[in-house]
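Visitor: here is a sequence together with a model predicted from it:
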Amino acid sequence: MYFHHSYKSDFPNQVHQLNVSIAKNHYLLKDDTIKHQNKKFDINWKNYPKTGKRHLVNYLIRDHFSGCYYAELHPIDKMPDLKSFLFNAWKTKEFYEFKGVPKYLILGNDVIEKYPDIKNFAKNINGFDLQIAENGFSTGIRSVRDWIRCIDYYSWNPHFSSISNFGKYSEKFCREFNLRTNSKKTESNLEKWANNKPRGILIDDKEIFYEKFK
């Protein structure tokens, strides 16, 4: 298995990629409606308050072997702790088969600086390790683009346009998008993940999972 340079993985849940990034095409209106804009925000973690907008943050875990991902969208002023998102991503879900703590998690230094307790999780889980991302592609940027399309596809519907309602259905939205195929891909991301004997550690007890970050 090689992933430092060629990024080749051998089976589902061997390598996951983590992306925590400010949404560049979406923000929240005062009534908590998700709003799309075509021109990308030129913002980062330091300067985003200058826009006067209430920005959103993408949390995304991508399985490198299959491309299958789980994602959530949160207001920047109500960002959940990383362990909360990772528990949701890796637990057994009601509506989505994707699950399991991987062997390796690729993430950026900025995420480690923001959530240093992820290093405790790596120390406390046998068979799990962290790898520092070499570039944006290694943090799952391809799937972030797909997630942006997912946000656009569903948030136009008034039933899902508020951030709270959209969040309630994120699991189902991710499943639906990861079952899609096209002319270049006859097997969906989820099918590739499920059909290749995914391995991984399962921790479905939130209290036990959180303990591993201490």
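Guide: Yep, it's here.

Visitor: is the most centrally placed residue in the chain in a helix, a strand, or coil?
Guide: Among the residues of the chain, the smallest C-alpha distance to the mean C-alpha position (C-alpha atoms, centre = their mean) belongs to residue 60, namely 1.0 Å. Judged by DSSP: H, G, I helix; E, B strand; the rest coil, the three-state class of residue 60 is strand.

Visitor: residues contacting the top helix by length along the chain, please?
Guide: Counting by DSSP state H, the longest helix found in the chain is helix 141-155. When contacts are defined by C-beta atoms under 8 Å, 6 or more residues apart in numbering, helix 141-155 is touched by residues 17, 19, 21, 23, 25-26, 34, 36, 58, 60, 62, 67, 69, 71, 73, 160-161, 166, 169, 173-174, 177. C-beta: built from backbone N, CA, C; applies to glycine.

Visitor: buried sites along it?
Guide: When neighbours are counted by 16 or more other C-beta atoms under 10 Å, the buried residues of helix 141-155 are found to be 141, 143, 144, 146, 147, 148, 150, 151, 154, 155.

Visitor: what do you get for stretch 44-59?
Guide: Within stretch 44-59, judged by 16+ other C-beta under 10 Å, the buried ones are 48, 53, 54, 55, 56, 57, 58, 59.

Visitor: straight-line length of that stretch, end to end?
Guide: 15 Å (C-alpha to C-alpha, to the nearest Å).

Visitor: what's the answer for stretch 56-70, then?
Guide: The first and last residues of stretch 56-70 sit 17 Å apart, counting by C-alpha to C-alpha.

Visitor: how far off centre is it?
Guide: Its chain's C-alpha centre and that of stretch 56-70 lie 4 Å apart, by C-alpha atoms, centre = their mean, to the nearest Å.

Visitor: now swap in stretch 83-92 and tell me
Guide: Centre to centre, stretch against its chain (C-alpha atoms, centre = their mean), the figure for stretch 83-92 is 10 Å.

Visitor: ditto for stretch 35-46
Guide: Using C-alpha atoms, centre = their mean, the distance between the centre of stretch 35-46 and that of its chain works out at 19 Å.

Visitor: just the buried residues of that stretch, please?
Guide: Burial within stretch 35-46, assessed by neighbour count using 16+ other C-beta under 10 Å, is assigned to 41, 43.

Visitor: shouldn't residue 34 be within a strand?
Guide: Yes - under three-state DSSP, residue 34 falls within a strand.

Visitor: any idea how far it is from residue 196?
Guide: In this structure, residue 34 and residue 196 are 34 Å apart, going by C-beta to C-beta, to the nearest Å.

Visitor: the two: who's more crowded?
Guide: Looking at residue 34 and residue 196 with other C-beta atoms under 10 Å, you find the greater number of neighbours at residue 34, namely 22 against 15.

Visitor: what's the lengthiest strand in the chain packed up against?
Guide: When every strand of the chain is counted residue by residue (DSSP state E), the longest turns out to be strand 15-28. Using 3 or more C-beta pairs under 8 Å, 6 or more residues apart in numbering; DSSP states H and E as the contact criterion, the secondary-structure elements in contact with strand 15-28 are strand 34-36, strand 54-63, strand 69-75, strand 104-107, helix 109-114, helix 141-155.

Visitor: sweet, I'm off.
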